[in-house]
Structure formats: C-alpha cells, structure tokens
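Undergrad: only the shape, not the letters, is given here:
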C-alpha cells in the first residue's frame, strides 16, 4: 500500500511539474515566435559600421547538431548587473576638444554621449590633477602645503571642466563620473617627485586622504557630481610619468585608517572607493589582501583593473577577473582603463585594434565585470598631447592640422556594446559551440536582449542563435562584430 501511495505521489508531482513547464513554455513561445531580431554589423573591408543589416525572426528549433555553429542564450541564468560603458576625459582630451569648431564639438559630444546619434556612453573617468596625458605636471596645492590651504582647481576650469559639463548635458545628467590620481604632490613622496614611482610618506597619509575630499567637493561645487574615486592609478608601476607605488598592505592600510574614515568624516561616505586600478595579473592578490580585512573591506565598493598585463609577453588574464568575481561576490569589478599603445597614424584604421576591444569586453563581461571604461576619449594626430611622449590611440582622433575628426575601428567595437546594453541590464547565460566566435548577452530593463557576437577569423560564418527551443540563422562577415537585439 505504501508503494502504491508513493507511485501515486510521484505521478501527481510529475503531472503538476509538466503542467507548470508547459505553461511557462507557452508563455515563452508567445514572446518568442515571430519576434523580430534586429542585426547590427561592423565589418572590416566594408562600409558597415554599426549598420542595420538584417531583420530576422525566431522559429521552432530541433536538436542542434555538432556540425553546426550555435550560440545558446538562456535568460533564466542571470549574473551581474550592468553599470555602464565610457571613457576618460583627460587634460589631453579636453585640450584637443578646445581646438575644434563648435559644430565639430557638437558632433564629437553626440558621437559618444547621445544614445540616438552616437554610442551612448554612460561612464566617465577623469584625473585628480595631472597624468601623463597632460601638457605638464601640476597639482592643486602649492609646494609643501600640507594643510591644503592653497587647494584650487582653477587649472581644470580652462579645458577639462567645460567638456565634462557638455558630456553631462548630453546624457541629461545620467553620467557616472569617477576620478583617479596618478601621484600625490611631490613633497608628499619618498622620491620628491611626482614622476618615476616612489611612495606616499606616512606623515602625509592624512593630508593626502583629505586631498581626495577637497577634490570631490570642488568638482561638485562646479556642478560635476562625483560618483567615486580609485585610490591610485597603477599602484605597482614605476613609470617615467606620474606614478606612485602601494603594496597591497599599504593600500589596505591607507584605505582602512585614512581614506575611508576621512571620506566619511567629510560627509562623503556615500562615494564609492575602488581599489587596485591596475592590471589583471595581480588582481587576485590585491583583492585577497584588502577584501579579507573587514575594516578595510567595508570602505571598498569594489576593484578596478586595466588590460596591460600583456606587456610581459603573455596573454590577457581573464580568468583572474573570474576568480575575483567568484571569490568576492559582494564586491564589484570595474574595468578602469585600456588603450592601444604605441601610436602610429598609419594604423588609424587597423581593424585588429578594434578586435582587441571586442575580445576584452566580451571576456571581461563574461568574467563578472559590471562596467568598462576606455582611456582617452580623444587625442590629436600625434596620439597626445602627452608630456613624456607616451603616445597612444583613442577611439576618436582630431587632426589639428587638417581639422578632421577620425573615427577608428575601436569606436565602433565599443559602440556595439555601449549603444545596446543599458544601465541596469542583467548579464544572462550565453555560450558558443565553436571557438571561432565569441559572445555575451544582456537582458535590458525593457525586456529586450542584446547579444554581441564577434568573428575574428578570415571567413564569413553562418551560425544559429538559440533561445530555448527556438532559433534563427545568421551570417557574420569575416573580421566582424554584430549586435543582435530582440
């Protein structure tokens, strides 16, 4: 009798479960069958640049075959919430911008910050006083002013603050802005210079922490809301330009004992503090040291990283980002800087520069990154200005001699993400059956999915897009990137 009851129980359970599944599938079918898929494409050796190329529809699918190339999207598996994508407005970017005509400035601002006319940037990084992408080194205080009585951001009012205000206006105030220092003032450092590394002297910890708060308040007084700060740009790199070294323990203790408490005491406890702000290679070690200390960790919103670990000759270390994502699920991961190094004007349209962006963005997002910030939004025909000749590429250049705006492939690759993934979107399950393609997917708040697909091969590829038991078939050209919106 007990066995009969048990069998009856399992029968009833199975019928209920099947009915729930059928109802869910019926709902799913109603929202998928006949649903339009808009395809946007950018491809090498063509004129396609985020160009609408196809309108497709889902149909009922059979079991996929191993001989087919397929992308499988699963909205029921969700991961991190998307913050945004953007770039840095440096002194260099601002000075080049000032040399444009009014119409060119309008075109430039729209190209980055308009959702309709451009690629919809929503993040902005800027510097706390000078970086290498300034025409000279400077700070906001006079030498040896430990009490910061001479603090003054007048330098930034000439070029940088005006362009930032235009960017804010173009996004209707929905621009998330954060700032990073490249070095404390020379008198606060062990080497007596803003350049070539050195470290922050302990007797200036309190003063330097207060400097951050002075910056935030001064910028906000100018109408520029500051969302957060990073503690130090590239704290393990001794550079020929502005730089400063922090070991993991030193950064932890500065955050725990000085910066965190000072921000709170100055009424800025709501501002986000990002640690590390350097390459993927040592990101796990930095996270382990800082996030494992409860008193330091409570002040850290998350961790930032760059993509330059390849300078040692290795490949990008995406797995290290994944390790931090899995190890510290309550912390946020933000890509804070990347650019194509070693500027050469003959390579403005080098397609693989754009592919470097696509490869990094897909892998970084799939590894748990919530936001992605490019380096300079604008540079001149020399890849500067830069006061130590560390010239590089930007997605857009302005030739001050010919007065031409130059859009590079990197601009379009970034746009395939920033234009279609919106703040608050959720990354969802997305996998590819062949290594010839890369992909990531996000579910926007309006219910639309954006799936980005990249083909770095020399051949066009036909692939299937699967959404549960429905699919469509798409062709992507050689060396191309597509965004599918559905």
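TA: Now that the structure is in, tell me what you want to look at. As the structure is a prediction and not an experimental result, all values here were calculated from the model. Residues are numbered from 1 along each chain as shown.
Undergrad: hey, let's count contacts and neighbours off CA atoms from now on
TA: Noted.
Undergrad: nearest residue to the middle of this protein?
TA: Closest residue to the average C-alpha location of the chain: residue 372 at 0.4 Å, with Cα atoms, centre = their mean.
Undergrad: and the gap between residue 128 and residue 231?
TA: From residue 128 over to residue 231 the distance is 10 Å, taken as Cα to Cα, to the nearest Å.
Undergrad: intersection of neighbour lists for these two?
TA: Taking Cα atoms under 8 Å, 6 or more residues apart in numbering as the criterion, residue 128 and residue 231 both touch 180-181.
Undergrad: thinking again about what came up before, check which helix or strand the residue nearest to the centre of the chain maps to.
TA: With the criterion set as DSSP states H and E, the secondary-structure element containing residue 372 is strand 371-376.
Undergrad: give me the contacts around that strand.
TA: The contact list for strand 371-376, computed with Cα under 8 Å, 6+ apart, reads 82-90, 92-93, 123-125, 333-339, 361, 394.
Undergrad: also stretch 95-115?
TA: Counting contacts by Cα under 8 Å, 6+ apart, the residues outside stretch 95-115 that touch it are 117-122, 159-160, 163, 166-167, 170-171, 378-380, 398, 400, 403, 405, 419.
Undergrad: burial count for residue 103?
TA: Residues lying near residue 103 (other Cα atoms under 10 Å) number 9.
Undergrad: re the thing from before, beta-bridge partners for the residue nearest to the centre of the chain, please?
TA: Bridge pairing for residue 372 (DSSP bridges) gives the partners residue 85, residue 335.
Undergrad: and it, how close does it get to residue 59?
TA: In this structure, residue 372 and residue 59 are 34 Å apart, going by Cα to Cα.
Undergrad: ok but residue 481 is inside a strand, no?
TA: Yes - for residue 481, which was evaluated using DSSP: H, G, I helix; E, B strand; the rest coil, the result is membership in a strand.
Undergrad: so it touches residue 48, yeah?
TA: No - contact status for residue 481 versus residue 48: not in contact, 10.0 Å apart, counting by Cα atoms under 8 Å.
Undergrad: out of these two, which sits in the more crowded spot?
TA: Here residue 481 and residue 48 are compared on neighbour count by other Cα under 10 Å; more neighbours surround residue 481, at 28 against 15.
Undergrad: grab the nearest non-local neighbour of the more buried one.
TA: Take residue 481 and drop its neighbours on the chain: the residue closest to it by Cα to Cα, 6 or more residues apart in numbering is residue 454, 4.3 Å away.
Undergrad: in which helix or strand does that neighbour reside?
TA: Counting by DSSP H and E, the secondary-structure element that holds residue 454 is strand 449-455.
Undergrad: helix or strand next in line after that strand, which one?
TA: Helices and strands here follow DSSP H and E; after strand 449-455, the next one along the chain is strand 461-467.
Undergrad: tilt between that next one and strand 449-455?
TA: Angle between the axes of strand 461-467 and strand 449-455 is 160 degrees (criterion: axes from the mean of the first three to the mean of the last three Cα atoms, to 10 degrees).
Undergrad: tell me the buried residues in strand 461-467?
TA: For strand 461-467, a neighbour-count test (16 or more other Cα atoms under 10 Å) marks 461, 463-467 as buried.
Undergrad: what do you get for stretch 212-223?
TA: By 16+ other Cα under 10 Å, the buried positions in stretch 212-223 come out as 212-219.
Undergrad: the longest strand anywhere in the chain packs against which elements?
TA: Scanning the chain for the strand with the most residues, using DSSP state E, yields strand 70-81. In terms of contacts (3 or more Cα pairs under 8 Å, 6 or more residues apart in numbering; DSSP states H and E), strand 70-81 is packed against strand 426-432, strand 437-443, strand 461-467.
Undergrad: among the ones you listed, which is nearest residue 280?
TA: strand 437-443 (19.9 Å; Cα to Cα).
Undergrad: who does that closest one pair up with?
TA: Counting by DSSP bridges, the strands paired with strand 437-443 are strand 426-432 (antiparallel), strand 449-455 (antiparallel).
Undergrad: tilt between it and strand 70-81?
TA: 50 degrees.
Undergrad: can you give me the strands in the stretch 51-200 of the chain?
TA: With DSSP state E, counting those that start in this stretch applied, the stretch 51-200 of the chain shows strands at 51-57, 59-60, 70-81, 84-88, 123-128, 176-181, listed in chain order.
Undergrad: same list (those) but as JSON lines, adding mean pLDDT, mean neighbour count and distance to residue 262.
TA: Converted to JSON lines, the strands of the stretch 51-200 of the chain look like this (pLDDT from 0 to 100; neighbours: other Cα atoms under 10 Å; distance: least, Cα to Cα, whole Å):
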{"stretch": "strand 51-57", "mean pLDDT": "97", "mean neighbour count": "15", "distance to residue 262": "49"}
{"stretch": "strand 59-60", "mean pLDDT": "94", "mean neighbour count": "16", "distance to residue 262": "58"}
{"stretch": "strand 70-81", "mean pLDDT": "98", "mean neighbour count": "17", "distance to residue 262": "29"}
{"stretch": "strand 84-88", "mean pLDDT": "98", "mean neighbour count": "26", "distance to residue 262": "26"}
{"stretch": "strand 123-128", "mean pLDDT": "99", "mean neighbour count": "24", "distance to residue 262": "17"}
{"stretch": "strand 176-181", "mean pLDDT": "99", "mean neighbour count": "22", "distance to residue 262": "17"}
